[in-house]
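>>> Sequence plus predicted model, see below.
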Amino acid sequence: MTETASDILRSVFGYQGFRPNQEQTIETLLRGEDAFVLMPSGGGKSLCYQIPAIMRSGTGIVVSPLISLMKDQVDALRANGVRAAAYNSSLDPAATRRVLAELMNGRLDLLYVSPERAVTDGFLDRLAALSAGPAALPGSAPTGGGDGGGGSPGIALIAVDEAHCISQWGHDFRPEYVALKQMRDRFPGVPLIALTATADPHTREDISEKLGLEGAACFVSSFDRPNIRLQVIEKHNPQSQLQRFLTAHEDEAGIVYCSTRKRTEDVAAHLRGRGIAAAAYHAGLPAEERERVQEAFIFDQIQIVAATVAFGMGIDKTNVRFVVHWDLPQHLEGYYQEIGRSGRDGLPAEALLLFGWEDVPRVRALIETGENEERVAVEQHKFGAMVGFTQALSCRRRVLLGYLGERMESDCGNCDVCLDPPELYDATEDAQKALSCVYRLGGRFGVGHVVDVLRGSEKQRLLDLRHDRLSTYGVGADVSVDAWRSLLQQLVHLGYLYQEMGQYPVLKLTSAAMPVLRGEETLMLARPRVKLARPDEPLGKGKRPKGAVGKGRGGATAAGKVTGSAAGGAGAPGADDDLFEELRMLRRQIADREGVPAYVVFHDATLREMAEARPTSDDELLEISGVGERKLEKYGGEFLALLSRWAEAAVE
């Protein structure tokens, strides 16, 4: 009987159900159609192409930007019994020949390829020889080990991972990605899927155009990562602030992002001086040292990495419990992707941003060094949104998701603003003045000009435009510039105003503004406050978010809205911490024996669920999220034996 996508989800990957948009994306590819997927980090993007690549005849070609990322994916697939390999510059000549032979003989379900190699004439010619036409319709190709029998030669699909790298408006533009359009041109009948975790609407359009995906089905999942607690505090003696934050994360893995190479080294040295296993990572280090640090972090030999933004894209480590930004990021896309490297297992994680006004001119000056005027204007707009996020007086998650094009209907309950709310006041009248002013200006001016009109400025440009004759001119003269800017910022964050991206970031009304203008809706907004948080307050010591035991990166998760109430740690309520630690020790022994990172064996969330459910048979163990048939066969006996010993000891 032909296996369905749900069958493979359960038997190969060990998950009981799909997350939103996964199944629809898989069905689209199985029909031979293109797709564009936006899912948050840890949201299960990989399964969207892995399952159809297994089911379709031929090999799925996956373009991936980093060797480390390919290695993680290939290791995890092989652990699940899927035939996978990587083709990149790390292979010696013998390994290269072996991988290409497996490809041409139909012995691979998935082949991960670097963008540089994917578009070489030699590789494209091999693909052309492999399959003269579109891949066959869904079949029942075997998913045995790498030495198993050959499947049907051909190209099952082409997947472009981290697709934001193709857009010059994306936060991690890579010129080598632009040439990937050749793959679409050479193989028009092969379904192509582009995937990314971070892309604002402008970047999405650019990706679609550059990959020829204008008519593709687009699947946009919620960007919300409710298990990550967001916190911004005013930077004041950051070494002391970091140390206090880490007291709540003893023996937990984390990343500290810094703006300069020297600072990563200083922070790592400071942490080592405190007895914490830490290392620096930046592009100025020799390749061997960068690889050593990354491997040590993945294999839990280093607790904390102090890094520049050069670190992280290739890290698929699921048990990162926190991300700290020592310095202000340049844009919200980068911030979102960086904090998304924590809590990938669905358990609680924290994101701390230390904000200092001294960072603002430094970043602006860095942006101004760009040669492309349009791009400089866009980057300045993006940075303005980043600063606005740090100064938000409304739910930070609503601000962040609103920037990414997603509107939340209620506050998250799991950010510093929600947990320590500012004073609210009835801002309906002021909001009506501001919205009316934007309307009368025709949606053609930015924040500064709107504030000037409201306050009755006599600037020459305003007078030349005859905006002193508008009915809203001077109606807010008694309100300070900062207060008006704060109000307009909140209206943008809450979705009543839209700020266009580009050289001229003008304000426009959204449909949500009309009930406020008509007096049908009362609007409570936050009064500005001088400091985000007192610098002498202990960090990371407050309420920890409740995190449900998730279904891992690929399956459904039980995590709902996080309320921020105390959970007593990062585990599921009722889970036995001592048993969890013993399960982790067993996992470490197996990982060391097999030479793979611990999370390749099982995620923390899987072990937490074992500790709570305490299965006693193969069938019960298969019910645990993340336990598929291959892992049951390889590891089930050892874990069931430990659980049995634990149960016997409890009886005694």
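That came through fine.
>>> count of neighbours near residue 242?
Residues lying near residue 242 (other CB atoms under 10 Å) number 22. Heads up, the C-betas are built off the backbone N, CA and C, glycines and all.
>>> Please apply the same query to the one 4 residues further on.
For residue 246, the number of neighbouring residues by other CB under 10 Å comes to 21.
>>> Same check on the one 5 residues further on?
The tally of other residues near residue 251 (other CB under 10 Å) stands at 9.
>>> can you confirm it is in a helix?
No: using DSSP: H, G, I helix; E, B strand; the rest coil, the assignment for residue 251 is coil, not a helix.
>>> so it touches residue 303, yeah?
Yes: counting by CB atoms under 8 Å, residue 251 touches residue 303, with 6.9 Å between them.
>>> Could you list the low-pLDDT ranges of the protein?
1, 131-152, 168-173, 313-315, 501-504, 528-575, 650-652 (pLDDT under 70).
>>> Specify the residue positioned farthest from the middle of it.
residue 469 (47.5 Å; CA atoms, centre = their mean).
>>> so how far is residue 440 from it?
Using CB to CB, to the nearest Å, residue 469 is found at 10 Å from residue 440.
>>> same check, this time on residue 274
In this view, residue 274 and residue 440 are 58 Å apart by CB to CB.
>>> Neighbour count: the two, which is higher?
Between residue 274 and residue 440, residue 440 has the larger neighbour count (other CB under 10 Å), namely 15 against 12.
>>> elements contacting the helix or strand hosting residue 267?
Element membership for residue 267 (DSSP states H and E) is helix 261-273. Here helix 261-273 touches strand 278-281, strand 304-307, going by 3 or more CB pairs under 8 Å, 6 or more residues apart in numbering; DSSP states H and E.
>>> wouldn't residue 83 be in contact with residue 107 here?
Yes: taking CB under 8 Å as the definition, residue 83 is a contact partner of residue 107 at 6.3 Å.
>>> need the contact list for residue 71.
Under the criterion of CB atoms under 8 Å, 6 or more residues apart in numbering, the contact list for residue 71 reads residue 86.
>>> Where does it fall, secondary structure wise?
helix 67-79.
>>> quick one: contacts of the next helix or strand after that helix?
Following helix 67-79 in sequence order, the next helix or strand is strand 84-87 (DSSP H and E). For strand 84-87, the surrounding residues in contact (CB under 8 Å, 6+ apart) are 67, 70-71, 73-74, 77-78, 96, 99-100, 102-103, 108-114, 117, 123, 146.
>>> so what strands line up beside strand 84-87?
strand 110-113 (parallel) (DSSP bridges).
>>> Over to the residue lying closest to residue 114 once chain neighbours are set aside: give its phi and psi.
Nearest residue to residue 114, sequence neighbours excluded (CB to CB, 6 or more residues apart in numbering): residue 88, at 4.2 Å. Main-chain dihedrals, residue 88, degrees, to the nearest 10: phi -160, psi -180.
>>> who are the neighbours in contact with residue 88?
67, 70, 112, 113, 114, 117.
>>> what's in contact with stretch 487-494?
Contacts of stretch 487-494 (CB under 8 Å, 6+ apart): 388, 391-394, 398-399, 402, 427, 430-431, 434-435, 447, 450-451, 497-499, 507, 512-513, 525-526.
>>> Packing partners of the longest helix belonging to the chain?
In the chain, taking DSSP state H as the definition, the longest helix is helix 629-651. Judged by 3+ CB pairs under 8 Å, 6+ apart, the packing partners of helix 629-651 are helix 67-79, helix 577-594, helix 618-622.
>>> and residue 514, how many neighbours?
Using other CB under 10 Å, residue 514 is surrounded by 14 other residues.
>>> now it: how far from residue 521?
Taken as CB to CB, the span from residue 514 to residue 521 is 9 Å.
>>> How about residue 363?
36 Å.
>>> Have a look at the two and say which one is more surrounded.
Neighbour count, other CB under 10 Å: between residue 363 and residue 521, residue 363 has more, with 20 against 14.
>>> my read: the more buried one touches residue 328, true?
Yes: contact between residue 363 and residue 328 holds when scored by CB under 8 Å: they sit 6.1 Å apart.
>>> From the chain's centroid, how far away is the helix or strand where residue 482 lies?
Taking DSSP H and E as the criterion, the element that holds residue 482 is helix 481-493. Distance of helix 481-493 from its chain centroid, counting by CA atoms, centre = their mean, to the nearest Å, is 28 Å.
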